[in-house]
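Trainee: how does the following fold in three dimensions:
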Amino acid sequence: MLQIEQFTCLSDNFGVLIHDPESGRTASIDAPEAAAIVDRLDAKGWTLTDIMTTHHHHDHVGGNLELKERYGCRITGPKGEADKIPGIDEAVGEGDVFSFGPFDFEVFETPGHTAGHIVYYSPKAGLLFAGDTLFSMGCGRLFERGAPEMWSGLKKLKALPAETMLYCGHEYTLSNARFALSVDPDNHALQARAATVERLRSEGKPTLPVPLATEYKTSPFLRPDDPAIRTHLGMADASDEDVFAEIRKRKDNF
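Mentor: Residues are numbered from 1 along each chain as shown. Coordinates of the predicted model:
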């Protein structure tokens with residue numbers, strides 16, 4: 001059984017460690033902050049063997065070199081931006097598999113937030129490490145690629161099993177919920193999720209991980225085909241891609 005530790009790094013980043021007792025390997029999903037990761041490793045008695053990088057932004061790779069020097073860990077990252085990943089040992093892209101003990105993580109390319117962003121999905125463990133591509137009820141800002149590329153990537157994630165547990169790079173869920181209600185106000189599942197998120201955050205608790213089943217019912221970014229959202233936006237006959245682009249644009253200005 002894969003052991004998972006999620007904790008806060010920097011101001012609103014999530015740190016995530018996965019540990020396979022069978023092989024003794026421990027991986028950090030990205031490396032936002034070396035000190036916070038070291039503290040959690042020490043608390044668990046784990047030794048870092050791998051860093052699974054999703055994209056090149058500093059708040060995801062800032063701890064790479066310090067952690068590599070301390071543990072001698074192996075850094076895997078996106079082929080499309082390998083030259084921007086400090087300390088990278090192995091570059092992976094669409095269709096590649098990152099093997100972690102008995103667990104295989106499939107690599108999907110999801111450009112949009114950055115040009116070479118990747119995510120890691122394990123069918124056996126039922127886990128999706130989505131970095132800054134997919135948030136709970138949100139998606140990453142389109143910094144390096146456009147809406148067509150981002151929507152193409154999100155469609156891959158939308159096809160994953162509903163029971164898959166989603167881990168993301170940031171605790172953005174509360175602001176995402178408030179925005180989602182502005183474009184999908186009559187969605188009862190969304191209203192209930194927003195209320196839960198408000199309560200969790202008021203108690204200082206994380207809103208992740210969350211099953212993709214919840215996202216499929218509540219995230220406007222995964223449901224540009226939803227008639228209620230289309231009607232609300234006045235885009236009944238538009239393409240899914242155009243509706244997604246409009247939702248992302250509205251979020252930028254929310």
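
Trainee: which residue, other than its chain neighbours, is closest to Met137?
Mentor: In space, Met137 comes closest to Asn176 once its chain neighbours are excluded; the distance is 4.0 Å by C-beta to C-beta, 6 or more residues apart in numbering. For glycine as for every other residue, the C-beta is placed from the backbone atoms N, C-alpha and C.

Trainee: equivalent analysis for Ala238, please.
Mentor: Counting by C-beta to C-beta, 6+ apart, the nearest residue to Ala238 once its immediate chain neighbours are dropped is Arg230, at 7.0 Å.

Trainee: list the contacts of the helix or strand hosting the one you found.
Mentor: With secondary structure defined by DSSP states H and E, Arg230 is part of helix 227-233. Applying C-beta atoms under 8 Å, 6 or more residues apart in numbering, the external contacts of helix 227-233 come out as 183-187, 220, 223-224, 236, 238, 243, 246-247.

Trainee: now do stretch 141-151
Mentor: Around stretch 141-151, the neighbours that count as contacts under C-beta under 8 Å, 6+ apart are 110-115, 133, 139-140, 224, 240-241, 244-245, 248, 252.

Trainee: highest neighbour count among those residues?
Mentor: Neighbour counts for the contacts of stretch 141-151, by other C-beta atoms under 10 Å, peak at Thr110, which reaches 31 neighbours.

Trainee: which residues touch the residue nearest to that one when sequence neighbours are not counted?
Mentor: The shortest distance from Thr110 to any residue that is not its chain neighbour, by C-beta to C-beta, 6+ apart, is 3.1 Å, and that residue is Gly153. For Gly153, the contacting residues are Phe108, Glu109, Thr110, Pro111, Gly112, His117, Thr133, by C-beta under 8 Å, 6+ apart.

Trainee: so Gly153 belongs to a helix, correct?
Mentor: Yes. With DSSP: H, G, I helix; E, B strand; the rest coil as the criterion, Gly153 is assigned to a helix.

Trainee: so it versus Phe108, what's the distance?
Mentor: Separation of Gly153 from Phe108 (C-beta to C-beta, to the nearest Å) stands at 7 Å.

Trainee: before we move on, back to that, reformat the contacts of helix 227-233 as TSV; add pLDDT.
Mentor: Below are these laid out as TSV (pLDDT from 0 to 100):
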residue	pLDDT
Val183	97
Asp184	97
Pro185	97
Asp186	96
Asn187	97
Pro220	98
Arg223	98
Pro224	97
Ala236	96
Ala238	97
Val243	98
Glu246	97
Ile247	98
